[in-house]
Structures are given as structure tokens and as C-alpha cells.
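Colleague: Here is my input, please return the structure:
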Amino acid sequence: MEHLFIEFFQNTGFYLCDYRHVVMIIVGSIFIYLGIVKHYEPLLLVPIGFGMLVGNIPVFEGLGLGIYEDNSVLHYLYYGVTLGIYPPLIFLGIGAMTDFSTLLARPVLMLLGAAAQAGVFITFLGALALGFAPNEAASIGIIGGADGPTAIFLSAKLAPTLIGPIAVAAYSYMALVPVIQPPIMNLLTTKKERLIRMEEPRIVSKREKILFPIIAFLLCCFLAPAALPLLGMLCFGNLLKEAVVTERLAVAARNAIIDSVTILLGLTVGASTQGNVFLTPQSVGIFALGAFSFCVATACGLLFAKLMNLFLKTKINPLIGAAGVSAVPDSARVVQMVGQKEDPTNFLLMHAMAPNISGVIGSALAAGVLWSFMS
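Modeller: Alright, predicted model coming up:
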């Protein structure tokens with residue numbers, strides 16, 4: 001009887017567990033807490049956090065339970081990440097819920113989204129200097145775009161062994177936008193600049209809205225063909241939204257499809273953080289470089305907005321430069337929050353959406369350029 005009890009105990013997770021599993025379970029619990037209690041990107045952090053709990057239940061290898069076992073259900077679901085299937089589907093949904101009219105009303109603001117991508121390439125060089133291989137450095141650099149799907153897509157193509165830490169880092173910094181960005185915004189702008197009021201944007205016609213996703217897709221993908229899977233789906237989703245006659249498809253894309261894919265992506269990315277695989281010095285380095293990349297991208301957007309004001313007759317509020325990272329719409333909301341701390345009657349949200357949207361396009365283009373060079 002005692003022998004049976006010992007044998008049973010040796011088959012439990014309590015016996016098989018080591019400190020790495022415990023650490024990742026604590027991290028997953030923190031993610032769930034931040035999502036539910038603090039409302040930091042709950043649609044991302046709650047699935048990822050629970051996925052961490054799922055991935056760090058110790059099991060015997062060979063039973064077909066772990067995400068890294070070829071015959072497990074989680075492994076099959078993880079194919080959507082490793083093969084780069086989930087990110088384009090998320091871009092389809094983003095396109096179907098995004099209004100590009102603020103960008104069309106003042107196209108010059110697109111430059112702020114482009115400027116924020118400087119953080120991607122600066123971090124790429126930093127990762128190379130720290131000894132990461134070129135393909136790994138490219139995947140790490142894209143974290144600065146604060147675009148989880150793009151980071152996952154590029155990692156799947158260039159550095160599949162790093163998908164776990166890169167994805168978790170990208171989504172962590174996306175969720176922590178309200179914490180990370182305001183100090184940088186306050187440091188790099190003056191009170192006078194934060195009080196700048198922007199003129200009302202012009203009204204954009206329906207024809208412009210319909211033509212934009214078609215023309216943007218052709219121009220961007222001729223420039224960087226490797227961005228086709230992401231930008232193609234983004235522009236297609238937006239065309240479904242603006243064409244009106246395809247509203248039923250647009251509703252499916254921005255609701256059922258993106259919600260289903262977000263659940264699967266979050267859960268499997270979280271489960272990939274298996275303690276004995278995830279907790280390495282390399283992962284710590286990726287998190288540090290990711291934070292650096294995100295901060296540099298925010299700073300580049302802000303500083304470029306200040307540079308533009310040297311040449312523009314009608315000044316822009318440099319705070320909107322921080323929305324050049326592609327954490328849609330959170331970074332635009334942070335711009336609104338910081339601006340209203342200085343002046344509660346100053347509404348910057350719709351203006352910030354222009355660089356925010358162009359940041360999505362810019363990060364996808366940056367990923368396409370890096371992929372084409374690294375391939």
C-alpha cells in the first residue's frame with residue numbers, strides 16, 4: 001500500500017515541480033492580476049497569464065500533454081504561432097475595426113509613425129553588439145514597435161526558438177504602455193508644448209476611405225513585398241469595413257475571428273513559457289532589450305514631432321509622437337490622458353490615432369524589410 005502511495009505521489013506535479021515552474025506560475029498570476037484588476041490589456045494578459053499556468057504544470061514527457069511534445073493538442077494549436085498563421089488573422093480584425101480617416105485628414109502625421117520605427121533598428125544594432133545572431137537581433141528589435149502580432153510573425157520566420165520570450169515581452173510592454181510612456185513624454189516635452197491645441201481635421205470622403213486600403217496595400221507591398229501577409233490582411237479588413245456592402249464580413253473579422261484567434265494565440269504563447277525552456281539568461285536579455293526598444297521608439301516619435309514643429313506653421317502637440325508605436329489604441333489613449341492632465345479641455349485622442357495607425361503600418365513594413373534582408 002505504501003509503495004502504491006509513493007508511486008502515485010511521484011506521478012504528481014508536486015513531485016515533478018522545480019523552482020522554474022513556480023516562478024513562471026507566479027508571473028502568470030501577476031499577468032492575470034494586471035489584466036483583471038488593473039485593466040492592462042485584459043484581452044491579452046488574461047489568456048497569456050492563464051497559458052503560463054497551463055504550460056507550467058509539470059508532466060511526464062511522452063504523455064502528449066506539453067506544448068513542446070509533437071503529439072499534444074497544445075502543440076497543434078501552437079502551429080498557428082510557429083507557422084505565422086495567427087498574426088495575419090489578427091491584422092484582418094484590426095483592419096476591420098480601424099478608421100483611417102484621421103490619417104487621411106492629415107497625412108503628414110504619418111511621419112511620426114515612421115519615426116517611431118527608429119527604435120526597432122537601433123535595438124537591432126544593440127542586439128547585434130550583445131552577441132545575438134542577426135536573425136535573432138531582428139526579431140528582438142521589432143518589440144520596439146509594440147506590436148505583438150508582428151513580433152510573433154517575424155520571430156516565427158527568423159528565430160522560432162525565441163518566439164516565447166519575444167512574444168511575452170512584446171505583449172507585456174503593450175499592456176504596460178500607460179506605465180512606461182508617460183514618464184518619457186513628460187521628460188521630453190515642456191508644459192507649453194503639452195498645452196498645444198491642434199486644429200480640427202478635415203472631413204474625409206467615403207471615396208477616399210475606400211481607395212486608401214487599396215492604394216496603401218499596393219504601395220507598401222511593392223516597396224516591401226515581405227510585408228504582404230500582414231499588410232495584405234490589414235488593408236483587406238479595412239476595405240471590408242469601408243465598402244459597406246461587405247459589412248457582414250467586416251463584423252465577423254472584427255468580432256468572431258479576432259476574438260477566437262486572440263484566445264488561441266494568448267493561451268499558446270503563455271503555455272510556451274515552460275519554465276525549463278523559458279527561464280534562461282537569453283530570455284532576460286530579450287526582456288531588457290525589448291524595454292530599451294520600446295522606450296527608444298517612444299522617444300523617437302516625440303523628438304521627431306518636436307523637429308517637425310521647427311518647420312510647420314501650424315504646430316502639432318509633440319505628445320502625439322508617442323503614439324507612433326503601434327499599440328493601438330492604447331498609446332493614443334495615453335496621449336489623451338497626459339494631455340488632459342495639463343488641460344482637461346484639450347482633446348488629442350483623434351489626432352494621436354493618425355500616428356498610431358501609421359505605426360501599425362510602419363512596424364509591418366519594418367518587419368518586412370528585416371525579413372527580406374535576413375532571409
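Colleague: going forward, measure contacts between C-alpha atoms and count neighbours the same way
Modeller: Noted.
Colleague: can you give me the helices for the stretch 251-375 of the chain?
Modeller: Remark: helices assigned in the stretch 251-375 of the chain by DSSP state H, counting those that start in this stretch are 258-271, 275-278, 281-309, 330-342, 349-374.
Colleague: ranking these by burial, who's on top?
Modeller: Greatest average neighbour count among the helices of the stretch 251-375 of the chain goes to helix 349-374 (a mean of 25), per mean count of other C-alpha atoms under 10 Å.
Colleague: so what secondary structure elements neighbour that helix?
Modeller: Applying 3 or more C-alpha pairs under 8 Å, 6 or more residues apart in numbering; DSSP states H and E, one finds that helix 349-374 contacts helix 101-105, helix 110-116, helix 134-141, helix 148-158, helix 228-242, helix 330-342.
Colleague: between it and helix 228-242, how many degrees?
Modeller: 150 degrees (axes from the mean of the first three to the mean of the last three C-alpha atoms, to 10 degrees).
Colleague: which residues touch the closest residue to A156 other than its chain neighbours?
Modeller: Counting by C-alpha to C-alpha, 6 or more residues apart in numbering, A156 lies nearest to T82, which is 5.1 Å off, once chain neighbours are set aside. T82 is in contact with 156, 160, 163, counting by C-alpha atoms under 8 Å, 6 or more residues apart in numbering.
Colleague: For those residues, pick the one with the most neighbours.
Modeller: I163 (26 neighbours; other C-alpha atoms under 10 Å).
Colleague: What is the helix or strand hosting that one packed up against?
Modeller: Using DSSP states H and E, I163 sits within helix 163-175. Helix 163-175 is packed against helix 42-55, helix 148-158, helix 258-271, helix 281-309, with contacts defined by 3+ C-alpha pairs under 8 Å, 6+ apart.
Colleague: So what angle separates the directions of the second one and helix 134-141?
Modeller: Read it as helix 148-158. 170 degrees.
Colleague: Does A327 touch N356 like I think?
Modeller: Yes. Assessed by C-alpha atoms under 8 Å, A327 is found in contact with N356 at 7.2 Å.
Colleague: Residues in contact with stretch 104-115: which ones?
Modeller: Contacts for stretch 104-115 (C-alpha under 8 Å, 6+ apart): 103, 201-204, 208, 297, 300-301, 304-305, 321, 323-326, 354-360, 362.
Colleague: Any stretches of the stretch 101-250 of the chain with poor pLDDT?
Modeller: Judged against pLDDT under 70, the low-scoring parts of the stretch 101-250 of the chain cover residues 146.
Colleague: now do 90
Modeller: Scanning the stretch 101-250 of the chain for pLDDT under 90 picks out 102, 106, 108-110, 113-127, 129-132, 139-149, 151, 159-180, 198-203, 224.
Colleague: Alright, that wraps it up for me.
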